[in-house]
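Colleague: sharing a model that was predicted from the sequence below.
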Amino acid sequence: MKDLNTTGPAPSAEDMKLIKQFLEDTTLFLGPDPEIMQNHDLMERSPDEELAIGQNFDHHMIARIRDRLQSGCDEGYEMVEQMGAAPGAKWGDVITGIYTASGDLALASAGGVLLFSSVVHHPIKFIVKNWINEPTVGVREGDGFIHNDSRYGNVHNTDQSMILPIFHEGRLVCWVASTVHEGENGAIEPGGMPSMAESPSDEGLKMSPFKVVENYQIKRDLLTFLQNSVREPKLQLEDMKVKLFACLRIKQRIEETLNTEGPEALVAMLRLTMEDVRTEVKRRVSEWPDMSVQTYIIQDSTLRENCVVKVNCKLTKKGDRLIFDFRGSSPEFTNRATNTILGGLKGMLSQLFLCYIWPDLPRGQAAMAPIEVITDPHSILNCSYDAPNSQSLMSIFTGFTAGQHAVAKFLYSCPEKYTKVHAPAFNMINTFIWGGVSQHGETLGNLCADLNGMGAGATANRDGEHALAPIFATMADIGEQEVNEEDVPFLQLVSKKMTRDAIAPGKYRGGQGYTMMVATKDSEQWGFMTTAQGAKIPPIQGLFGGYACGTYPLSKVKDVDVYDILLNEPEKFRHSIEEIMNEQPFDGAKYTTHHMGMGFEISKRGELFMISQGAGAGYGDLLERDPVNVVKDIEEGLMSPEVAARLYKVVFDPATLAIDFEATEQARAEERQARIDRSVPYAEFVKDWNQPKPPAHLPYFGCWGDEIDTLYMGSPDVTRRGDEPRPNYMTHPKDVRIAELEARLAAAGVPGDEKQ
Amino acid sequence: MKIPMTEYLRIDLESEKWECRVCDHVIAPAEGNYKEGLLVHNRNPREIHPPVIDPDKYRYTFSPDPEWVRILEFCCPSCGTQVETEYAIPGHPPVWDMQVDVAALKAQWAARGTAMLPDAGPVVVPGRAHGH
Ligand SMILES: [Zn+2]
């Protein structure tokens, strides 16, 4: 699927036409089409669209139709959220949208994950290009297409879309689609997002867009095949039906418009909505200062092993152009799942603009359309067909954060901002993914909605909110754990309790995250996994002198049954990770900590798995924080008095927390002077600090400094050029461990007399 | 005209300099890297993000690994205000985070006029008596 490379003289236009025809006639496999997959701009106006727009409809009528269909999308969204069987559906990891006949996303539901729908234009364009005129497939009234393979345009294979063409008097006028984070998809680990995947073949169902509905009926043979391929066959059926019916409801709303206003008005509305948004985005960008902003975000693991994976971002604004240059980011991992397709990154950037920067704009594909994105081929942000990407969220979210951090520096000086200047939100899905056989004998695989409890970043005038919303769905909820517990054989023994001292300080502090402790109770076949980075290096940056969050580990307590403890010695139980791990109150138990990439692990009854959601970043110099708010944070259990006093230099009575304002002013003035005394001028600092290469003690991936042409691959001596792909294999962590232990045996003098 | 560019930095369009918004200290040429006019401290991240669980017992403690990441703290040499932080891999050159096209900025604001200046500014300045 690479471009043709010829060493001889370039073929003539006629030759090229022939070659193209030959290739089309003899294609053995319709893989993802780079022409579709690398492009996120709007399609050219079609003749139908020209004709429709030429009728010069009244703008008020266009707006009225848009509002009606926006409500139609919202209605479809509500249906999926209320009726969907996937836990993701219940808390809003869902979206519905209307796409133009050419496949562009024109309208999306107000709630839900915009990221999902902003990648679904790819599979629709694939269907338009390949199936409409394909005699063995075709696109007819009553058809429905299913899709999940990320390489054809999806975040990851756990999301499934139902896509319906809408006809009017035999003419295709638009498409509707509904997408849900389903969870199960038959991958090597339950839950649909395997971090153990070492190739796409480990990632479960890989549905390129195909027809699964005819005459508005799901085809039973294909359905059975799909059910047979996943761990939750009933879920597969239920949610295919739910998505189909949501699409049919939106279709009904579209038909009402077609009957009253006619197809031209609909087609004009869809097209003009997108074009108007695109124009408005260029106008808004032109109001920003002409500047380049650089930042980088570090992923500290592949979810299998800790390493330093750079997401490099240079955002340049010039006139009305805005260019994200992600070159210099880590090479793709050939056998690790944290890579993303380019469309996933772009979808998340559109989420940045439509949820955090310009939330007043109509939600669709158009806002991102004029914004340019540059990446290296076969990089962690633009991975190849052969690279696994089931944990793409790691790269999508850190890419988002790089964008969020950079954009804030453009917005500060803008007279009109539409939103507050915002420090980066927490960006990791710190939650438990679970699976196995439930107390009701059902095979299940899914996750706790706590991934939606990410702490918000502070803004220019207030603290970030705690456990607010996931960056990919600002309207989503964290769900009712108690409801979930009716279906699953484990309890969250501690839930929604803020994790003390896991802070992001600043003049305005970041919103904090909460503790989750789970323990299996009623199944011998049940386990958990966690898939997040940031146990060694924070996955975000602070803003304007504010700090990022800290780091978040996984803690386990084994060789214990806490249900027995709660029954027989309840006084021994503790309600914070801090107390359980430091006091070790359960006799004979084993206490360990780990990074947050825990592969699926079967748990025994009463063993504790403990994690925390994370904090958004802080904003501004922490010495400017109002002392009253510092003490409020102590009172609310967000911060211990010692930490508060040491960092914020607030002087208070330890017993009453009464603030001595004079002494605080004095302490802060002294700290400002102390800063000046302990710091050194920049030129002097970089002389000692700057190194020509990454440190030898860190497995480092990506460019070093500004030299984006050279990408390091785990060592100061192994590199590739940014534009020249090379395989990048990681050794199995168990093999690494075995090698370490063998070296220790050898060092201890154990004879190496095994036969080789 | 002075354009507020961040919470603590502004650009004086006449003198073409970065300035501290807290103490008016002139920091660096506007077309250059403002960090070059600031002081830097290499902060151990453990001091800002304290271990929640005992670092003597556990490998992961809620506190960033100081061998893997440092916090570069940039402060104004005149008033000590912390202007910027950068979570950096040890030895990684600090990023030139705001590379401004000064001529374009001048033109943009010449067209806009002072009336459009955002009025947000630091709420707290050193030495200010507390209002409570
Ligand atoms: Zn100053």
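Modeller: Right, received. Where do you want to start?

Colleague: report the contact partners of B:Ala104.
Modeller: Neighbour list for B:Ala104: A:Pro289, A:Asp290, A:Lys318 [criterion: C-beta atoms under 8 Å, 6 or more residues apart in numbering or on different chains]. C-beta coordinates here come from the backbone N, C-alpha and C atoms, glycine included.

Colleague: hmm, which of these are the buried ones?
Modeller: By neighbour count, with 16 or more other C-beta atoms under 10 Å in any protein chain shown, the contacts of B:Ala104 hold A:Pro289, A:Asp290 as buried.

Colleague: same list (the contacts of B:Ala104) but as TSV, adding distance to chain B and pLDDT.
Modeller: Written out in TSV, the entries for the contacts of B:Ala104 read as follows (distance: C-beta to the nearest C-beta, whole Å; pLDDT from 0 to 100):
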residue	distance to chain B	pLDDT
A:Pro289	5	98
A:Asp290	4	98
A:Lys318	7	98
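
Colleague: the contacts of B:Ala104 in strands, which ones?
Modeller: Where the contacts of B:Ala104 overlap with strands, as defined by DSSP state E, the overlap consists of A:Lys318.

Colleague: need the contacts of B:Ala104 in JSON lines (columns: distance to A:Tyr552).
Modeller: Formatted as JSON lines, those follow (distance: C-beta to C-beta, whole Å):
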{"residue": "A:Pro289", "distance to A:Tyr552": "35"}
{"residue": "A:Asp290", "distance to A:Tyr552": "38"}
{"residue": "A:Lys318", "distance to A:Tyr552": "38"}
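
Colleague: from the contacts of B:Ala104, which is closest to the ion?
Modeller: A:Pro289 (21.7 Å; C-beta to the ion).

Colleague: what distance do you get for that closest one to A:Asp320?
Modeller: Here the criterion is C-beta to C-beta, to the nearest Å. By it, A:Pro289 lies 13 Å from A:Asp320.

Colleague: and the end-to-end length of stretch A:456-473?
Modeller: Start to finish, the residues bounding stretch A:456-473 are 12 Å apart (C-alpha to C-alpha, to the nearest Å).

Colleague: if you average pLDDT over that stretch, what comes out?
Modeller: Looking at stretch A:456-473 alone, the average pLDDT works out to 93.

Colleague: for chain A, what helix or strand is lowest in average pLDDT?
Modeller: In chain A, the helix or strand scored least confidently by mean pLDDT, DSSP states H and E is helix A:87-90, which has a mean of 78.

Colleague: packing partners for that helix?
Modeller: Contact analysis of helix A:87-90 by 3 or more C-beta pairs under 8 Å, 6 or more residues apart in numbering or on different chains; DSSP states H and E lists helix A:59-83, strand A:171-181, strand A:443-447 as its packing neighbours.

Colleague: any chance of those in a markdown table, plus distance to A:Ala197 and mean pLDDT?
Modeller: Output for the helices and strands packed on helix A:87-90, formatted as a markdown table (distance: least, C-beta to C-beta, whole Å; pLDDT from 0 to 100):
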| stretch | distance to A:Ala197 | mean pLDDT |
| --- | --- | --- |
| helix A:59-83 | 27 | 94 |
| strand A:171-181 | 17 | 96 |
| strand A:443-447 | 15 | 83 |
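
Colleague: reformat these into a markdown table and put distance to the ion and mean neighbour count next to each item.
Modeller: Conversion of those to a markdown table gives the following (distance: least, C-beta to the ion, whole Å; neighbours: other C-beta atoms under 10 Å in any protein chain shown):
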| stretch | distance to the ion | mean neighbour count |
| --- | --- | --- |
| helix A:59-83 | 48 | 19 |
| strand A:171-181 | 48 | 26 |
| strand A:443-447 | 47 | 24 |
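
Colleague: CSV for these, including distance to A:Leu248?
Modeller: Written out in CSV, the entries for these read as follows (distance: least, C-beta to C-beta, whole Å):
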stretch, distance to A:Leu248
helix A:59-83, 9
strand A:171-181, 9
strand A:443-447, 26
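
Colleague: isn't there a helix covering A:Ile124?
Modeller: Yes: the assignment for A:Ile124, made by DSSP: H, G, I helix; E, B strand; the rest coil, places it in a helix.

Colleague: what pLDDT does it get?
Modeller: Here, the pLDDT recorded for A:Ile124 equals 98.

Colleague: who's in contact with it?
Modeller: The contact partners of A:Ile124, by C-beta under 8 Å, 6+ apart, come to A:Tyr99, A:Gly103, A:Ile163, A:Trp175, A:Ala177, A:Pro209.
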